[in-house]
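Undergrad: What shape does this take:
(2 chains)
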Amino acid sequence: KAGVTQTPRYLIKTRGQQVTLSCSPISGHRSVSWYQQTPGQGLQFLFEYFSETQRNKGNFPGRFSGRQFSNSRSEMNVSTLELGDSALYLCASSDGTATGELFFGEGSRLTVL
Amino acid sequence: QKEVEQDPGPLSVPEGAIVSLNCTYSNSAFQYFMWYRQYSRKGPELLMYTYSSGNKEDGRFTAQVDKSSKYISLFIRDSQPSDSATYLCAMAPNQAGTALIFGKGTTLSVSS
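TA: Numbering: from 1, shown residues only, chains lettered A, B, ... in the order given. Predicted coordinates:
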């Protein structure tokens, strides 16, 4: 069974640009969550999509957005990049039930110069 | 005060030692408690998952949850060099698979 796939794995952007990250969940999983991981703040929840609808949202500014497609694949977008957006962005999938476990991808490492 | 506190370490132990990792939390609504292991340049992988209070054992790993003290622990018996990683506690009020609140992680190094 294939795991969670994230692309691209590494990318470098400059301040003010925007970036789109992609995530393919485990087959059959309808929930996709996004997390930001930095050395200072650790892992922080961005948002979760379930069946193409945002179901939960963390405490991040509106520059961070996402969407989910009918095949459960998800994208997240960060606009007007700031230096502080440099981080590992992790996607995770679950079956969306109360006891459904969360499975992470290997992440997309974003560097903002 | 952060919702979840975890000592970042680093923690260095010899092979075969018993390791104890801990987290404290402030939100009494948390019901789902997890431990994740993260190797360098990899995503976190789920190690243990506990609902509400109690103990859970899986091989060399034991997870404990004490809701009255708002304290969770992960014990690793007979630690191996392959256990060297960062261990993250995570918890959530309503579901195990969304909006998890993570500790910052404890870095463990097991020497042979």
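
Undergrad: Excluding sequence neighbours, find me the nearest residue to A:Leu21.
TA: Leaving aside its chain neighbours, A:Leu21 sits nearest to A:Ser108 (4.7 Å; criterion: CB to CB, 6 or more residues apart in numbering or on different chains). C-beta coordinates here come from the backbone N, C-alpha and C atoms, glycine included.

Undergrad: cool, and B:Ile76?
TA: B:Val19 (4.2 Å).

Undergrad: Check the spacing between the one you found and A:Gly16 real quick.
TA: From B:Val19 across to A:Gly16, the span is 45 Å (CB to CB, to the nearest Å).

Undergrad: So between the two, which is more surrounded?
TA: B:Val19 (19 against 10; other CB atoms under 10 Å in any protein chain shown).

Undergrad: ok, now which ones touch that one?
TA: B:Leu11, B:Val13, B:Phe75, B:Ile76, B:Ser79, B:Asp83, B:Leu108, B:Val110 (CB atoms under 8 Å, 6 or more residues apart in numbering or on different chains).

Undergrad: one more time with 10 Å
TA: By CB atoms under 10 Å, 6 or more residues apart in numbering or on different chains, the contact list for B:Val19 reads B:11, B:13, B:60-61, B:74-79, B:83, B:87, B:106, B:108, B:110.

Undergrad: again with B:Thr62
TA: B:Ile18, B:Ser20, B:Met48, B:Asn55, B:Lys56, B:Ser73, B:Leu74, B:Phe75, B:Ile76, B:Arg77.

Undergrad: tell me which residues form a beta bridge with the nearest residue to the third one once chain neighbours are set aside?
TA: Closest residue in space to B:Met48, ignoring its immediate chain neighbours: B:Ala63 at 4.0 Å, by CB to CB, 6+ apart. For B:Ala63, the residues forming beta bridges with it (DSSP bridges) are B:Lys56, B:Leu74.

Undergrad: Could I get the full set of strands for the chain?
TA: All of this refers to chain A. Counting by DSSP state E, chain A has strands at residues A:5-7, A:10-13, A:19-24, A:31-38, A:42-50, A:53-57, A:64-68, A:74-78, A:87-94, A:103-104, A:108-112.

Undergrad: To clarify, I was referring to chain B.
TA: Going by DSSP E, chain B shows strands at B:4-6, B:11-14, B:19-25, B:32-38, B:45-51, B:54-58, B:61-66, B:71-76, B:85-92, B:101-102, B:106-111.
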